[in-house]
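Colleague: Output the structure for:
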Amino acid sequence: MSTLDNSPEAGPVESGGGPWYSCILCGLPFGIWIRLGIMMLLQYAIWGAWAPVLSMYLTELGFSGKAIGMVYSLLYLACIITPIIGGQFADRWVPTQYVVALLHCVSGLLMWFAAGAKEANGLWPLMLVAGLAYAPTLALTNSLAFKHLTNTERQFGSVRVFGTIGWIIAGVLLTQWRLGGLGFAGLRAWPDQSDCLVMAAVFSFALAVFALVLPHTPPTKEATNPWAFLEARKMLRNPSFLAFIVIAFVVATELQFYYILTAPFLQSLGIDQAQVPRLMTIAQVAEIFVMAIALPIVLPRLGVGKTLAIGVISWPIRYVIFAIGGPVWLVVGSLALHGLCYVFFFTVSMVYVDNVASDGIRHSAQSLITLVTLGLGNYVGSFFTGFVKDYFTTGTGDAAVTNWQMVFVIPIVLTVLCALAFLLFFKEPAKGEKIA
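Modeller: Residues are numbered from 1 along each chain as shown. You can find the predicted model right below:
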């Protein structure tokens with residue numbers, strides 16, 4: 001269980017006020033809760049602005065499935081390269097909030113320029129560098145939040161749910177912009193830019209500024225080993241943690257079948273392109289319910305192991321409905337299963353890693369799970385998804401026809417195998433047990 005660390009080694013951590021000013025949902029001081037919540041909202045609004053719909057824009061530009069997969073893979077390649085470096089800085093050298101501010105400033109600038117690129121050779125370098133700046137912040141915002149929680153199982157959901165709200169806000173704003181604009185005439189001065197990447201850049205600039213008022217989170221300068229990421233790597237010596245990491249990697253590869261292919265799949269069912277961003281927020285609405293209401297009830301009662309198992313098992317159920325391909329209302333409704341899939345596996349994974357990591361390596365431990373899932377898993381998964389789509393697609397251009405049933409059979413098989421492996425090889429640690 002995470003606790004506030006006010007030791008001299010850690011440096012001061014804000015208390016944010018007494019119980020009188022506490023959030024009624026989780027007991028956190030209100031000032032801490034609302035700032036962490038806004039941080040998560042902006043963090044995931046950036047990603048939510050472009051990830052669900054950029055594939056449609058690239059398809060219109062004539063990108064192949066393989067080329068689209070490559071563009072999506074760049075963020076995940078960045079999640080392999082830079083999170084460990086960001087975790088090292090935050091664990092040992094620089095207060096976390098300043099690292100987050102600088103990285104988002106750089107990421108926003110590169111996203112803005114990427115919005116105007118029309119060719120793959122012009123787009124991918126900008127998306128790669130933007131990803132290199134954005135990737136570490138996914139782990140750093142999680143670990144910053146954990147540092148200020150007093151009960152991770154009860155409180156993290158009430159903070160992380162703001163990230164889901166941010167993803168929804170991005171989708172709704174983007175749909176409204178496409179349907180009739182938002183009244184911001186200045187944005188129309190760049191009509192040739194990708195609107196979803198412009199929006200991502202704006203959110204990124206906003207978080208760069210807001211990070212400066214986040215709770216102070218200093219590094220642990222007096223830790224025994226100055227290289228935090230080497231200490232975090234020792235967690236892999238634990239057999240159960242190693243099994244968890246391997247399964248998390250495979251599950252992450254299958255996440256790309258949802259992120260990359262859901263938008264064009266919905267279009268193939270006759271759903272209007274302008275409505276796709278709004279409909280895809282059904283998944284995030286479900287996330288809000290699961291994270292804010294179900295998770296604080298289920299996780300303390302079932303524990304990490306059983307909650308993770310429910311999350312893994314939810315994946316093949318969703319893909320079975322996609323493979324059936326109808327009726328349309330059932331396919332759209334099945335987007336809600338993303339709440340169970342994502343929250344009960346990936347969000348609980350973050351809680352699990354924080355619980356078993358010692359105080360001096362928390363940032364680096366979160367960077368490790370980011371590297372394996374958002375990095376290696378999603379990087380491999382983006383190429384794998386593009387390959388599978390192309391393999392089951394005949395024709396080119398407007399004459400292209402995809403066999404969606406066969407496309408989604410692949411993640412069904414792999415996620416079922418992951419669920420079985422998890423039940424066989426994962427052993428939940430004792431409460432309070434640290435593995436590194």
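Colleague: Only C-alpha atoms from now on, for both contacts and neighbour counts.
Modeller: Will do.
Colleague: How confident is the prediction for Glu428, by pLDDT?
Modeller: pLDDT, Glu428: 78.
Colleague: With Phe205 instead?
Modeller: Value listed for Phe205 in the pLDDT field: 96.
Colleague: and Thr96, how far is that from Arg362?
Modeller: From Thr96 over to Arg362 the distance is 12 Å, taken as C-alpha to C-alpha, to the nearest Å.
Colleague: My error: substitute Phe203 in the last question.
Modeller: Phe203 is 26 Å from Arg362, by C-alpha to C-alpha.
Colleague: do Ala135 as well
Modeller: For Ala135, the distance to Arg362 - C-alpha to C-alpha - is 17 Å.
Colleague: in stretch 287-301, what counts as buried?
Modeller: Going by neighbour count (16 or more other C-alpha atoms under 10 Å), the buried part of stretch 287-301 is Glu287, Ile288, Val290, Met291, Ala292, Ala294, Leu295, Pro296, Val298, Leu299.
Colleague: okay, now the residue lying closest to the fourth one once chain neighbours are set aside: neighbour count?
Modeller: If I follow you right, that is Met291. Among residues not flanking Met291 along the chain, Gly157 sits closest, at 5.1 Å (C-alpha to C-alpha, 6 or more residues apart in numbering). If you count neighbours by other C-alpha atoms under 10 Å, Gly157 ends up with 23.
Colleague: average pLDDT across the host helix or strand of Gly157?
Modeller: Assigned by DSSP states H and E, Gly157 belongs to helix 152-180. Across helix 152-180, pLDDT averages out at 80.
Colleague: what's it packed up against?
Modeller: helix 30-50, helix 120-147, helix 195-210, helix 276-289, helix 295-324, helix 348-356 (3 or more C-alpha pairs under 8 Å, 6 or more residues apart in numbering; DSSP states H and E).
Colleague: and of the ones you listed, who's closest to Asn403?
Modeller: The closest of the helices and strands packed on helix 152-180 to Asn403 is helix 295-324. By C-alpha to C-alpha, the value is 9.4 Å.
Colleague: That closest one: what's the following helix or strand?
Modeller: helix 328-334.
Colleague: Just list the residues touching Phe210, thanks.
Modeller: By C-alpha atoms under 8 Å, 6 or more residues apart in numbering, the residues touching Phe210 are Met39, Ala101.
Colleague: I'd like to know how far it sits from Met39.
Modeller: Computed as C-alpha to C-alpha, the Phe210 to Met39 distance reads 7 Å.
Colleague: How about Ile310?
Modeller: Distance from Ile310 to Met39, counting by C-alpha to C-alpha: 28 Å.
Colleague: Which one of the two is surrounded by more residues?
Modeller: Met39 (28 against 15).
Colleague: correct me, but the more buried one touches Leu140?
Modeller: No - checked against C-alpha atoms under 8 Å, the pair Met39 and Leu140 is beyond contact range at 11.0 Å.
Colleague: show me what contacts the closest residue to Leu299 other than its chain neighbours?
Modeller: Distance criterion C-alpha to C-alpha, 6+ apart; nearest residue to Leu299, sequence neighbours excluded, is Thr307 at 6.1 Å. For Thr307, the contacting residues are Val298, Leu299, Phe344, Phe345, Val348, by C-alpha under 8 Å, 6+ apart.
Colleague: go again using 10 Å as the cut-off
Modeller: Residues near Thr307 by C-alpha atoms under 10 Å, 6 or more residues apart in numbering: Leu295, Val298, Leu299, Pro300, Arg301, Leu340, Val343, Phe344, Phe345, Val348, Ser349.
Colleague: dump the residue contacts of the fifth one.
Modeller: Taking C-alpha under 10 Å, 6+ apart as the criterion, Arg301 is in contact with Leu295, Thr307.
Colleague: quick revisit: any idea of the angle the helix holding Gly157 forms with helix 195-210?
Modeller: Put simply, helix 152-180 runs at 130 degrees to helix 195-210, going by axes from the mean of the first three to the mean of the last three C-alpha atoms, to 10 degrees.
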